[in-house]
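S.K.: Build the 3D model from these lines:
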Amino acid sequence: MGAKKVWDGRQLPDVGDEVLIHLASADRWERREVSGFKIWPHLDGDGAYHRIFVKVFSVQDGKRIPNERLLKDIRPIFWREGDDYNPTAEGAK
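M.R.: Purely as a prediction, here's the structure:
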């Protein structure tokens, strides 16, 4: 699949935005809603923040099911396999 340019680093998806995450158990991309972020410092003590996690959730049987992914591992809802994210494309915020 290769690396995708999803968010350009100038902005993050907003809380409440729908995004796609890949579920290995189902081997498909599924919609989730962004509920927040968790940002951890670099593992080797570098002062920059390299690990940005996006907290997401789905609702199943009336229960909120949490999950999280690294920012690089989520996709905009209008993303298609093989596409690079283009923030000027139609439908982009």
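
S.K.: what residues are up against the residue nearest the centre of the chain?
M.R.: The centre of the chain sits closest to residue 74, judged by CA atoms, centre = their mean, with a distance of 2.8 Å. By CB atoms under 8 Å, 6 or more residues apart in numbering, the contact list for residue 74 reads 6, 13, 19, 20, 21, 54, 56. In short, each C-beta sits where N, CA and C put it, glycine included.

S.K.: And for residue 70?
M.R.: Residues counted as contacts of residue 70 (CB under 8 Å, 6+ apart) are 51, 52, 53, 54.

S.K.: Neighbour-wise, give me the winner out of the residues you listed.
M.R.: Within these, neighbour counts (other CB atoms under 10 Å) peak at residue 54, which reaches 25 neighbours.

S.K.: Can you tell me the SS state at it?
M.R.: When classified by DSSP: H, G, I helix; E, B strand; the rest coil, residue 54 comes out as strand.

S.K.: State the phi and psi torsions of the residue of the chain positioned farthest from its centre.
M.R.: Farthest-out residue of the chain from its mean C-alpha position, per CA atoms, centre = their mean: residue 45, at 24.8 Å. Per-residue torsions, residue 45: phi 90, psi 0 (degrees, to the nearest 10).

S.K.: distance of it from residue 55?
M.R.: 25 Å (CB to CB, to the nearest Å).

S.K.: now residue 36, nearest residue through space, not along the chain?
M.R.: Once flanking residues are discounted, residue 36 sits nearest to residue 55: 4.3 Å by CB to CB, 6 or more residues apart in numbering.

S.K.: Noted, bye for now.
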